[in-house]
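Participant: Quick one: sequence plus predicted model below, questions after.
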Amino acid sequence: MKITRLEPFILHAPVTRGGIADSTHSITHWGAPGVAIHTDTGMIGYGFSGTHAHLATDRLITDCIVHSYGPLLLGEDPREVRRLWEKLYKHSPIYWVGRAGITHLALGAIDIALWDLKAKDTGAPLWKLLGGSAAKKVEAYNTDGGWLNWPLETVVSDCRRLIEEEGYRAVKLKVGGADPKEDLRRVEAVRKALGPEVRIMTDANGRWTLSQAIETAGRLADFDVTWIEEPINFDDVQGHLRLAEAIRTPIALGEQIYTATHFREFMDAGAVHYVQPDVVRVAGVTEFLEVADMAQSRNLPVAPHVGDMAQVHQHICFAHPAANLLEYIPWLRDWMEDPARIESGYYCVPDAPGAGTTPNLRAFREINRI
Ligand code: 0YR
Ligand code: MG
């Protein structure tokens, strides 16, 4: 099998109720700039990154995919994905300018498309190719009831619906708003409404200073919160370590971390308890597996970020022993050929060949901005 052509796409999918906010980001659309990798067999692999749908920047990503990496891929066998990852990352002129950032997002999209092709070539879903099992349980927790721009009553009623009607056992609430007392009131109200059994995660999206985090996150244990996610600046290993030593609630992070090496620093410092790589931010399935293996060897659970709206991540979770819990946000659900499905709070086993990353025809017709 040989790669013949790279065809870019940029999907901009509307988010829930026209707009959501966390402490750091307000968005109306989720962006999926990506690539269809064509081969001489007619088989096509799809991979995409995850963005806040800023078109000019999404174009930088697809330009990087097609014009920087593309020529290095033509004629190659896509199934040699680990060799190709090394070639594209470490043995290319792109390494000099971009060990992280846009080039890394571009490489991630390519790597996902290559794994998609490799799995499609064997006629199996990616989790099977990676050695996974359909007998495994992958639990979903839902973030789509806890946005910061929604009034308290909406958050409470949405979370109640997710638990009582949709069967989830865990929800995530955004914190890091202007008033820390209001953050705590929201968490307290949801805990009261949902009762003691439901797990509540919290996510500050990197907003607090260290002292604010010690103060506010320190009080989350009163409401039996499962974790505080991204309490302070994403990159700060020492800060997270200090926080971990000062509070009782475990720390989750990783959706903004670009490299396996940086993950290793957090893990070895004891600055993270729940490891949350995103396959679209680390450079694809290849680097994600490296992170998950490191977590496994350090007895740390992996709970991937849902940046790809759970398409590739569900495959990795069905395959990797450290990954048993996966976020769910539904924004790409209507635009995928085989969208992730959840029943009674657990992911259904994907059965279509590939990585689940093939957009549907409606996506190409209605939300493609290329
Ligand atoms: C907005 N999940 C997250 C939204 C979400 C973000 O960027 O996508 O809040 O991805 O932090 O854990
Ligand atoms: Mg998060």
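Facilitator: Everything's here; your move. Residues are numbered from 1 along each chain as shown. Ligands and ions are numbered 1, 2, ... in the order given.
Participant: these two touch, right, H25 and G50?
Facilitator: No: using C-beta atoms under 8 Å, H25 is not in contact with G50; the gap is 12.0 Å. In short, each C-beta sits where N, CA and C put it, glycine included.
Participant: I'd like to know how far P330 sits from N142.
Facilitator: Between P330 and N142 the computed distance is 9 Å (C-beta to C-beta, to the nearest Å).
Participant: same question, A352
Facilitator: Here the criterion is C-beta to C-beta. By it, A352 lies 23 Å from N142.
Participant: out of these two, which sits in the more crowded spot?
Facilitator: N142 (25 against 14; other C-beta atoms under 10 Å).
Participant: list the contacts for that one?
Facilitator: By C-beta atoms under 8 Å, 6 or more residues apart in numbering, the residues touching N142 are L162, E166, Y168, A170, V171, K172, E327, Y328, I329.
Participant: rerun that using 6 Å as the cut-off
Facilitator: Contacts for N142 (C-beta atoms under 6 Å, 6 or more residues apart in numbering) come out as L162, Y168, V171, Y328.
Participant: what about the closest residue to the third one other than its chain neighbours, which SS state?
Facilitator: The shortest distance from V171 to any residue that is not its chain neighbour, by C-beta to C-beta, 6 or more residues apart in numbering, is 4.8 Å, and that residue is C159. Per DSSP: H, G, I helix; E, B strand; the rest coil, the local secondary structure of C159 is helix.
Participant: ok, how many other residues are close to C159?
Facilitator: By other C-beta under 10 Å, the residues close to C159 number 25.
Participant: just checking, it touches A189?
Facilitator: No: using C-beta atoms under 6 Å, C159 makes no contact with A189, being 9.5 Å away.
Participant: domain parsing for the protein?
Facilitator: Residue ranges for the domains of the chain, per automatic domain parsing: 3-123+361-369, 129-347.
Participant: could you dump the ones you listed to a markdown table with mean pLDDT?
Facilitator: Below are the domains of the chain laid out as a markdown table (pLDDT from 0 to 100):
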| stretch | mean pLDDT |
| --- | --- |
| domain 3-123+361-369 | 98 |
| domain 129-347 | 97 |
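Participant: gap between the residue lying closest to R191 once chain neighbours are set aside and ligand 2?
Facilitator: Distances taken as C-beta to C-beta, 6+ apart place F223 nearest to R191, at 4.5 Å, with adjacent residues excluded. Distance, F223 to ligand 2, using C-beta to the ion, to the nearest Å: 18 Å.
Participant: what do you get for L162?
Facilitator: Distance, L162 to ligand 2, by C-beta to the ion: 17 Å.
Participant: And for E343?
Facilitator: Distance, E343 to ligand 2, by C-beta to the ion: 24 Å.
Participant: Name the residues linked to that residue by a beta bridge.
Facilitator: As for beta bridges, E343 partners with Y346 under DSSP bridges.
Participant: Next, count neighbours for it.
Facilitator: Counted with other C-beta under 10 Å, E343 comes out at 10.
Participant: Run the chain-centre distance for stretch 167-177.
Facilitator: Distance of stretch 167-177 from its chain centroid, counting by C-alpha atoms, centre = their mean, to the nearest Å, is 16 Å.
Participant: which residues are in contact with it?
Facilitator: For stretch 167-177, contacts defined as C-beta under 6 Å, 6+ apart pick out 22-23, 141-143, 145-148, 159, 162, 183, 187, 199, 201-205, 207, 344-345.
Participant: tell me the contacts of the closest residue to W85 other than its chain neighbours?
Facilitator: Spatial nearest neighbour of W85, excluding adjacent residues (C-beta to C-beta, 6+ apart): T286 at 4.5 Å. By C-beta under 6 Å, 6+ apart, the contact set of T286 is R82, W85, D111.
Participant: Same check on A352?
Facilitator: D338.
Participant: which parts of the helix or strand where L72 lies are buried?
Facilitator: Take DSSP states H and E as the rule and L72 turns out to sit in helix 70-73. In terms of neighbour count (16 or more other C-beta atoms under 10 Å), helix 70-73 has its buried residues at G70, L72, L73.
Participant: Find the closest residue to ligand 2 in the stretch 251-370 of the chain.
Facilitator: Across the stretch 251-370 of the chain, no residue is closer to ligand 2 than E255, which sits at 5.0 Å (C-beta to the ion).
Participant: Hmm, I typed the wrong one, I wanted the stretch 101-250 of the chain.
Facilitator: Of all residues in the stretch 101-250 of the chain, D203 sits closest to ligand 2, at 4.4 Å by C-beta to the ion.
Participant: Quick check: that residue touching P231?
Facilitator: No: if you go by C-beta under 6 Å, D203 and P231 don't touch, sitting 9.1 Å apart.
Participant: Name the residue in H25 and G50 with the higher neighbour count.
Facilitator: G50 (25 against 11).
Participant: How much space separates that one from R191?
Facilitator: G50 sits 30 Å away from R191, going by C-beta to C-beta.
Participant: what's E197 in contact with, if anything?
Facilitator: Under the criterion of C-beta under 6 Å, 6+ apart, E197 has no neighbours.
Participant: How about H315?
Facilitator: Shown in contact with H315 (C-beta under 6 Å, 6+ apart): L126, W127, A355.
Participant: near ligand 2 too, which of those?
Facilitator: Among the contacts of H315, no residue sits close to ligand 2 (C-beta under 5 Å from the ion).
Participant: ranking those residues by neighbours, who comes first?
Facilitator: Compared across the contacts of H315, A355 has the highest neighbour count, 33 neighbours, by other C-beta under 10 Å.
Participant: who does the biggest helix by length in the chain touch, helix- and strand-wise?
Facilitator: Criterion DSSP state H: the longest helix present in the chain is helix 102-122. Helix 102-122 sits against strand 29-39, strand 44-48, helix 55-63, helix 81-89, helix 126-129, helix 284-297, with contacts defined as 3 or more C-beta pairs under 6 Å, 6 or more residues apart in numbering; DSSP states H and E.
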